[in-house]
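Peer 1: This is a predicted model, with the sequence first.
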Amino acid sequence: MALGPRCGAIRACRRVLERAFSLRKAHSIKDMENTLQLVRNIIPPLSSTKHKGQDGRIGVVGGCQEYTGAPYFAAISALKVGADLSHVFCASAAAPVIKAYSPELIVHPVLDSPNAVHEVEKWLPRLHALVVGPGLGRDDALLRNVQGILEVSKARDIPVVIDADGLWLVAQQPALIHGYRKAVLTPNHVEFSRLYDAVLRGPMDSDDSHGSVLRLSQALGNVTVVQKGERDILSNGQQVLVCSQEGSSRRCGGQGDLLSGSLGVLVHWALLAGPQKTNGGISDLKLTIWGPEIETGVKTRAQGSCGPRTTTPTSPHLLLSPSPQVQPSPGGRVWRLLSHQAVQPPSLPEARSLHHHLRHDRRGGGRLQQAL
Ligand SMILES: NC(=O)C1=CN([C@@H]2O[C@H](COP(=O)(O)OP(=O)(O)OC[C@H]3O[C@@H](n4cnc5c(N)ncnc54)[C@H](O)[C@@H]3O)[C@@H](O)[C@H]2O)[C@@H](O)CC1
Ligand SMILES: Nc1ncnc2c1ncn2[C@@H]1O[C@H](COP(=O)(O)OP(=O)(O)OP(=O)(O)O)[C@@H](O)[C@H]1O
Ligand SMILES: [Mg+2]
């Protein structure tokens with residue numbers, strides 16, 4: 001299992017890159033390769049010296065009487081991407097069901113208990129990130145408990161991915177995450193409109209989707225907003241990123257849960273990697289991973305209402321781009337794109353060999369190419 005999810009993560013990242021690089025058709029495989037190198041660097045290497053949980057302990061807060069699949073999808077995606085441990089904090093009625101789905105998930109039936117906040121808080125020192133909302137439902141008592149959980153998580157500086165009914169809660173109380181730069185919101189179309197309306201007190205401009213995402217992020221204190229859709233639009237209130245790589249044409253329930261669970265791990269890994277792991281060292285890409293905030297995305301021309309614009313080199317952000325146009329700004333930030341198709345069957349043979357090459361091929365990935 002240890003190899004599988006890591007490979008899954010690498011293949012997921014490859015999809016991410018394909019997606020990212022589809023934004024500029026001309027990208028050579030070399031660009032892909034270089035950018036994969038960056039992604040490779042944030043994936044913690046497997047090592048016999050590590051202990052269980054060191055590479056990621058993710059908690060999913062969600063799961064109620066009606067919804068047991070969503071927290072499962074989010075939690076199992078975290079494991080498949082490469083986390084070591086995945087916890088689900090859910091309502092007592094959902095716990096036996098989710099436990100039955102998988103022995104790999106550590107399921108805590110505490111979300112509807114009177115001291116739910118304390119029950120979750122005592123686990124926080126052992127968690128690297130939380131994914132709040134999948135299958136949460138809209139029961140007031142549960143939402144009140146989740147509000148307390150978000151408060152104590154922020155107090156401990158824990159990255160939180162907020163999705164689904166977690167976004168319903170944020171729409172009721174935007175102050176809950178305002179300015180918390182380690183928050184990543186992943187609304188779908190409906191959740192975005194709801195949130196936009198609640199925070200900006202008015203309907204979004206459907207002709208200016210980029211501007212709408214930018215404005216919502218700004219209104220929430222520059223948290224990272226990932227508006228899911230045919231084209232994913234991401235912003236941290238300063239930059240807008242768009243990814244239009246064709247994903248699955250299915251529109252079934254659970255696809256957003258896969259993304260939120262995957263994001264939980266990758267946000268942690270990106271924080272863990274830090275700038276020293278990805279600073280320079282890549283010929284075409286001068287990348288610096290920086291700062292407590294984690295944005296997720298790949299820079300591209302943001303075709304906003306004011307026409308195409310790119311990040312000027314002087315902007316505070318460096319964006320992941322192989323093209324020479326975007327020169328790195330010192331100490332810039334790197335955007336990474338996370339794909340919602342992050343769950344790979346761990347048994348995928350080439351993924352395993354891919355993992356092997358990534359880990360052991362010191363000669364610049366020659367064999368990696370074949371594996372890819
Ligand atoms: N198997 C499960 O347990 C699942 C549970 N889920 C949970 O169900 C709860 C509600 O999530 P929903 O996504 O259904 O609720 P939403 O409030 O996001 O969406 C309400 C309805 O809007 C419609 N809709 C969604 N995207 C749209 C779009 N792009 N354009 C137009 N209409 C659109 C859908 O019919 C959806 O049922 C959440 O807590 C979620 O986590 C879902 O994640 C699906 C899977
Ligand atoms: N019309 C579309 N065409 C292609 N991809 C899409 C489309 N809409 C969404 N996606 C992609 O599907 C993934 C899930 O988005 P979706 O809108 O289904 O989330 P969701 O409604 O929260 O799902 P869930 O049922 O898990 O709650 C996102 O990563 C998004 O990029
Ligand atoms: Mg959803």
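Peer 2: Right, received. Where do you want to start? Ligands and ions are numbered 1, 2, ... in the order given.
Peer 1: can you list the residues of the stretch 201-350 of the chain near ligand 3?
Peer 2: Residues of the stretch 201-350 of the chain lying near ligand 3 by C-beta under 5 Å from the ion: Gly256. Using the backbone N, CA and C atoms, a C-beta is placed for each residue, glycine as well.
Peer 1: Close to ligand 1: what parts of the stretch 201-350 of the chain are there?
Peer 2: Counting by C-beta under 6 Å from any ligand atom, the positions of the stretch 201-350 of the chain adjacent to ligand 1 are 253-254, 256-257.
Peer 1: Just the buried residues of those.
Peer 2: Burial by neighbour count, 16 or more other C-beta atoms under 10 Å: within these this picks out 254, 256-257.
Peer 1: nearest to Gln172, of these?
Peer 2: For those, the closest approach to Gln172 (C-beta to C-beta) belongs to Gly256, at 19.8 Å.
Peer 1: Look at the closest one and give its secondary structure.
Peer 2: What DSSP: H, G, I helix; E, B strand; the rest coil gives for Gly256 is helix.
Peer 1: Likewise for Pro44?
Peer 2: Taking three-state DSSP as the rule, one finds Pro44 in the coil state.
Peer 1: Go ahead and name everything in contact with the one helix or strand Ser193 maps to.
Peer 2: Counting by DSSP states H and E, the element that carries Ser193 is helix 189-200. Outside helix 189-200, the residues that touch it by C-beta atoms under 8 Å, 6 or more residues apart in numbering are 164, 167-168, 170-172, 174, 185, 187, 203-204, 212-213, 215-216, 219-220, 225, 227-229.
Peer 1: same thing but at 10 Å, please
Peer 2: Identification of contacts with helix 189-200 by C-beta atoms under 10 Å, 6 or more residues apart in numbering yields 133, 162-168, 170-174, 178, 185-188, 202-206, 209, 212-213, 215-216, 218-220, 225-230, 233, 256.
Peer 1: Whether the next helix or strand after it contacts ligand 2 - can you check?
Peer 2: Per DSSP H and E, helix 189-200 leads on to helix 209-219 as the next helix or strand towards the C-terminus. No: using C-beta under 6 Å from any ligand atom, helix 209-219 stays clear of ligand 2, with a minimum separation of 12.7 Å.
Peer 1: Need the distance between the two termini of stretch 176-184.
Peer 2: Distance between the two ends of stretch 176-184: 13 Å, counting by C-alpha to C-alpha, to the nearest Å.
Peer 1: Could you tell me which residues of the stretch 51-200 of the chain lie near ligand 3?
Peer 2: Checking the stretch 51-200 of the chain against ligand 3 by C-beta under 5 Å from the ion, the hits are Ala164.
Peer 1: residues contacting the closest residue to ligand 2 within the chain?
Peer 2: Nearest residue of the chain to ligand 2: Gly256, at 2.3 Å (C-beta to the nearest ligand atom). Neighbouring residues of Gly256 by C-beta under 10 Å, 6+ apart: 70, 73-74, 133-134, 163-164, 186-188, 191, 226, 228, 340.
Peer 1: Please repeat the previous calculation with a cut-off of 7 Å.
Peer 2: Listed by C-beta atoms under 7 Å, 6 or more residues apart in numbering, the contact set of Gly256 reads 163-164, 186, 188, 228, 340.
Peer 1: ok, now Ile76?
Peer 2: Going by C-beta under 7 Å, 6+ apart, Ile76 touches 86, 102, 105.
Peer 1: ok, and the most crowded of those residues?
Peer 2: Among the contacts of Ile76, Ser86 has the most neighbours (other C-beta atoms under 10 Å), with 29 neighbours.
Peer 1: Just confirm that one is within a strand.
Peer 2: Yes: secondary structure of Ser86 (three-state DSSP): part of a strand.
Peer 1: where along the protein do the strands fall?
Peer 2: Ranges of strands within the chain are 57-61, 85-89, 105-108, 129-132, 160-162, 183-185, 224-227, 232-235, 240-243, 302-304, 307-309, based on DSSP state E.
Peer 1: Please look at Leu79 and Pro103 and confirm they touch.
Peer 2: No: between Leu79 and Pro103 there is no contact under C-beta atoms under 7 Å: 11.3 Å.
Peer 1: neighbour count winner among the two?
Peer 2: Taking neighbours as other C-beta under 10 Å, Leu79 and Pro103 compare with Leu79 leading, 24 against 7.
Peer 1: Now that one: closest residue in space that isn't a chain neighbour?
Peer 2: Spatial nearest neighbour of Leu79, chain neighbours left out: Ser86 (4.8 Å); criterion: C-beta to C-beta, 6 or more residues apart in numbering.
Peer 1: pretty sure the one you found contacts Ser77?
Peer 2: No: counting by C-beta under 7 Å, Ser86 sits too far from Ser77 to count as a contact (8.7 Å).
Peer 1: What count of nearby residues applies to Gly62?
Peer 2: The number of residues packed around Gly62, counting by other C-beta under 10 Å, is 33.
Peer 1: Chain neighbours aside, what residue packs nearest to the closest residue to ligand 1 within the chain?
Peer 2: Nearest residue of the chain to ligand 1 (C-beta to the nearest ligand atom) works out as Gly69 at 2.5 Å. In this structure, Gly69 finds its nearest non-sequential neighbour in Gly254, 6.0 Å apart by C-beta to C-beta, 6+ apart.
Peer 1: dump the residue contacts of that neighbour.
Peer 2: The contact partners of Gly254, taken as C-beta under 7 Å, 6+ apart, are 69-70, 73.
Peer 1: What distance do you get for Cys243 to Gly133?
Peer 2: Cys243 is 22 Å from Gly133, where distance means C-beta to C-beta, to the nearest Å.
Peer 1: So what touches stretch 139-157?
Peer 2: Stretch 139-157 has contacts (C-beta under 7 Å, 6+ apart) with 61, 64, 91, 111-112, 116-117, 120-121, 124, 130, 132, 136, 160, 166, 169, 173, 176-177, 180, 182.
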